[in-house]
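>>> model this:
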Amino acid sequence: SSGINAEYGDIDSMSEVSDNRLIPSIHMRHAALEHNQRCVLAYARNRLDKIRKFRWDHGVVLPEDIQSNLQEHEKQWFIQYNKSLANYMLSLGGLDLTQNTVPPKSLKVQVRCLKDYGELETDSGDVVMLTINSEHYLPLSECEQLIKQGVLQHMGS
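The predicted structure follows:
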């Protein structure tokens, strides 16, 4: 904005000198600066939209390859967005809005374990051992977050 004010100052001084030949080029430069500013703001907005989408797709923890490509202010924005979203979900009685974003075709799904994860205790109290390449038939609500994290892979269509 100081650069823009300086340009207006240039225009004012040019009119005092009565040399109007440079005024069109100053106007053109000013328009180019405004255009570049709009492009940078659109780029920043697009990055934040993608970070927000990653939050909904991958949960609270971003994959390391994504984190390594974020600027520090984007990481801080992500942390603040997590806090805001968590507070909002708590205000709804603890409803997790990131779960079940698509209506399920079935309440249980066939999954394959992609990593050694260890024990998973289900809501019914059963304990399932998740070892690499093991397959299980589990309630979607209990394994959806593990699918998003890449621990489990949905075997169905």
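
>>> Going by neighbour count, which residues of stretch 32-51 are buried?
Residues Ile51 are the ones in stretch 32-51 that count as buried (16 or more other C-beta atoms under 10 Å). In this view, the C-beta of every residue, glycine as well, is placed from N, C-alpha and C.

>>> Equivalent analysis for stretch 99-110, please.
By 16+ other C-beta under 10 Å, the buried positions in stretch 99-110 come out as Val109.

>>> start to end distance for it?
18 Å (C-alpha to C-alpha, to the nearest Å).

>>> Quick one: residues in contact with that stretch.
56, 135-141, 143-145, 154-156 (C-beta atoms under 8 Å, 6 or more residues apart in numbering).

>>> In a helix, Asn82, correct?
Yes. Counting by DSSP: H, G, I helix; E, B strand; the rest coil, Asn82 is found in a helix.

>>> how about the nearest residue to the spatially most central residue of the chain, chain neighbours excluded?
Taking C-alpha atoms, centre = their mean as the criterion, Ile51 is the residue nearest the geometric centre of the chain, at 1.6 Å. Setting aside the residues directly before and after it, Ile51 is nearest to Phe78 in space (C-beta to C-beta, 6 or more residues apart in numbering), at 5.5 Å.

>>> Report the secondary structure element holding that neighbour.
Following DSSP states H and E, one finds Phe78 within helix 72-91.

>>> Return the set of buried residues in that helix.
74, 77-78, 85.

>>> Partner strands of the helix or strand just after that helix and their direction?
Next along the chain after helix 72-91, taking DSSP H and E as the criterion, comes strand 108-113. Strand 108-113 has the following strand partners under DSSP bridges: strand 135-139 (antiparallel), strand 152-154 (antiparallel).

>>> Which of those sits closest to Ala42?
Across the strands paired with strand 108-113, the minimum distance to Ala42, taken as C-beta to C-beta, is reached by strand 152-154, at 35.1 Å.
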